[in-house]
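> One predicted model, sequence on top.
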Amino acid sequence: MNHNKQNGPSPTPDDVFTTNFKNMNFKKPGNGNLKNGINKVIKLVGLAVVAVLAIHVVTSSVYHVSEQEQVVVTRFGKVCDVKTAGMYFRIPVIDSIHRVPTTTVGLPIGYRPTNPDIGEDGEAESVTNESLMITSDFNFVNTDFYLEYRVSDPIKYLYNSEDPEAILKNIAQSAIRARVSDFKVDDVMTTGKAQVQSEVKDLLIKDLTAADIGLEIVNLSIQDVEPPTANVMAAFKAVENAKQGSETSINNANKYQSEKLPAAEAEADRIVQNAEAKKEARIAEAQGQVARFNEMYSQYALNPLITKQRIFYETMENVLPGTKVIIDDGKTQTMLPLQPFNADFSANATSKTSIESTPKAENDTEKTAAGKTAEGGDGE
């Protein structure tokens, strides 16, 4: 019989499961084991939930503010504080934080960089509807600007406007067009760039302050200015080259002037000094002559005849140096030397000339002395 059992049909899986289920020893619920297990599971789940909530509260209550930002804290939707760099605590659910970057931001106007990571120095493509402008002399010009700004008031930045960056860009474009239209195209493209840039910046700051959107201008610079066509660009380049040539010529002329002017000034000083020296010499000579005349006049007043004779003798010595002169005063007898005919004739002629000129010289001397006396009397 045992042999027949061993050689009987094999049990199916259902038979095995049924047999094992019947052999399991289940305890009745009344003993409380199942209830205790469920309670333990509930407690574990509750502890896990509490732990997760605690971790969430801690992580959401403590926050960090970096150097490149500020945080606006609101409580029930109302602004209550602005935090700078550091660690802070907030009340979960009740308090909310809004991070605002305070770093300087660049805004290209009139172009877009092909690689934004490079910034303003990289390659760019033109945006015509932003760069094309008209000047005061009714010429078109493409003008590119680079604007740098930052947040000055985080509260106004968050709540005074919906899109402060867009408002800033519109204000900047308006200021640029307003000021470029005040200048001629030559000034905008060549010598007036600095003035255009300065006036645009001043107007932009004024309009941005009036908008009160919590932004401030750090810097504004002209990146590029060019006419809309290649032909006009070539013409402006030719004008610029001509201006540079003119500046070169002016610089060379100034250099030549600086080289020659010192020599000319030195020569002028030398001439002036020589003239001053001659002037002083003439004055000294005139003063000496006046002193001699005054001395002679004082002697003439004491002894007129002797003074006249002395003057006559000195004059004849100066007029006829080295000439032998014989003066006959009419009181002595003239002795004629025995000389050859020609020498006698020459001596007689000389003597006659001297005798005839003597009274005349005396008369002239007397007249001169009298005239000087009269002048001296008038002067006194």
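Received the coordinates, thanks. Quick caveat, the model's predicted, so the values are computed rather than measured.

> Please, which helix or strand holds the most centrally placed residue in the chain?
Residue closest to the average C-alpha location in the chain (C-alpha atoms, centre = their mean): Ala194, at 9.9 Å. For Ala194, the element it lies in under DSSP states H and E is helix 193-211.

> Other residues contacting that helix?
145, 147, 161, 167-168, 171-172, 174-176, 178-180, 182-183, 187-188, 215-217, 220-222, 225 (C-beta atoms under 8 Å, 6 or more residues apart in numbering). Every residue, glycine included, has its C-beta placed from N, CA and C.

> which regions of this protein lie under the pLDDT threshold?
1-35, 116-122, 230-233, 236, 322-380 (pLDDT under 70).

> hey, where'd the helices end up in it?
2-6, 13-23, 33-61, 128-131, 154-159, 164-180, 185-189, 193-211, 230-302, 304-319, 341-379 (DSSP state H).

> Looking at the ones you listed, which is nearest to Ile97?
Closest approach to Ile97 among these (C-beta to C-beta): helix 33-61, 9.8 Å.

> how about the closest one: buried residues?
Within helix 33-61, no residue counts as buried by 16 or more other C-beta atoms under 10 Å.

> helices or strands up against it?
Under the contact definition 3 or more C-beta pairs under 8 Å, 6 or more residues apart in numbering; DSSP states H and E, helix 33-61 sits against no other helix or strand.

> chain center to that helix, what's the gap?
Mean-position distance between helix 33-61 and its chain equals 72 Å (C-alpha atoms, centre = their mean, to the nearest Å).

> got the buried residues for the helix holding Ala194?
Lys193, Val196, Gln197, Glu199, Val200, Lys201, Leu203, Leu204, Asp207, Leu208, Ala211.

> again, but for stretch 157-167
So, applying 16+ other C-beta under 10 Å, buried residues of stretch 157-167: Tyr157, Leu158, Ser161, Pro164, Ile167.

> can you tell me which residues contact the last one?
Neighbouring residues of Ile167 by C-beta under 8 Å, 6+ apart: Ser161, Ala211, Ile213.

> Same question for the third one.
When contacts are counted by C-beta under 8 Å, 6+ apart, Ser161 is found next to Ile167, Ala211, Ile213.

> ok, of these, which one's closest to Leu302?
Nearest to Leu302, judged by C-beta to C-beta, of the contacts of Ser161 is Ala211 at 107.4 Å.
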